[in-house]
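**Q** Sequence first, then the predicted structure, then my questions.
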Amino acid sequence: MKKLILAFLVVACAFAISMGTSAQDAPKTHTMTGCLRAGTAPGSYYLSDLEKGPKQVGIVSSDANLAPHVGHKIDITGTAVPEADAMAANKDVPKSPHYMKLTAIKMVSTTCP
C-alpha cells in the first residue's frame, strides 16, 4: 500500500512539473505603443517611434485590419515571434529588431509624433 501511494505521488509530481514547464515555454502576450507605418510591400506593416523597447516592430500577422490605422499612434497586443519564424510566416514583413503576431490593436491617437 505504501509503495502504491509513493508511486502515485511520484507520478503526480512529474505531471505537475511537466505542466509548469510547458506553461513557461508558451509565448507571452505583451503590448507595445507606437506609430503604425506601411511597409514597402503591399499589406505589410511595422510599428515605429515606440515609447519603449526596440526601435521598430515588424508585424507578422494581425487579427485586426491595420490599413485604416497607418499614421496613427496605436497599442498593439500580441506575441513575439523569432526572426526566422517571422520570415517564414510572412516574406514581406519589414526587417526589424522585434517581430509580433497581433491579436488586438487599440488606437491611441490619430496622429504620430
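**A** That came through, no problem.

**Q** Strands along this protein, start to end?
**A** Taking DSSP state E to define them, one finds strands in the chain at 29-38, 45-48, 56-62, 73-80, 98-109.

**Q** how close does the closest residue to residue 69 other than its chain neighbours get to residue 87?
**A** Distance criterion Cβ to Cβ, 6 or more residues apart in numbering; nearest residue to residue 69, sequence neighbours excluded, is residue 36 at 4.9 Å. (Glycine included, C-beta is placed from N, CA and C.) Between residue 36 and residue 87 the computed distance is 21 Å (Cβ to Cβ, to the nearest Å).

**Q** Those two: who's more crowded?
**A** Using other Cβ atoms under 10 Å as the criterion, residue 36 and residue 87 rank with residue 36 on top: 24 against 16.

**Q** Pretty sure that one sits against residue 75.
**A** No. Residue 36 lies out of contact with residue 75 (Cβ atoms under 8 Å); the separation is 10.4 Å.

**Q** Give me the residue at the spatial middle of the chain.
**A** Note on the chain: the residue nearest the mean C-alpha position is residue 79, at 1.7 Å, using Cα atoms, centre = their mean.

**Q** residue contacts, that one?
**A** The contact partners of residue 79, taken as Cβ atoms under 8 Å, 6 or more residues apart in numbering, are 27-30, 100-101, 103.

**Q** 6 Å instead, please
**A** Neighbour list for residue 79: 27, 29, 101 [criterion: Cβ atoms under 6 Å, 6 or more residues apart in numbering].

**Q** Now the second one: closest residue in space that isn't a chain neighbour?
**A** In space, residue 29 comes closest to residue 79 once its chain neighbours are excluded; the distance is 5.7 Å by Cβ to Cβ, 6+ apart.

**Q** for that neighbour, which residues make a bridge with it?
**A** The bridge-partner assignment for residue 79, based on DSSP bridges, gives residue 29, residue 101.
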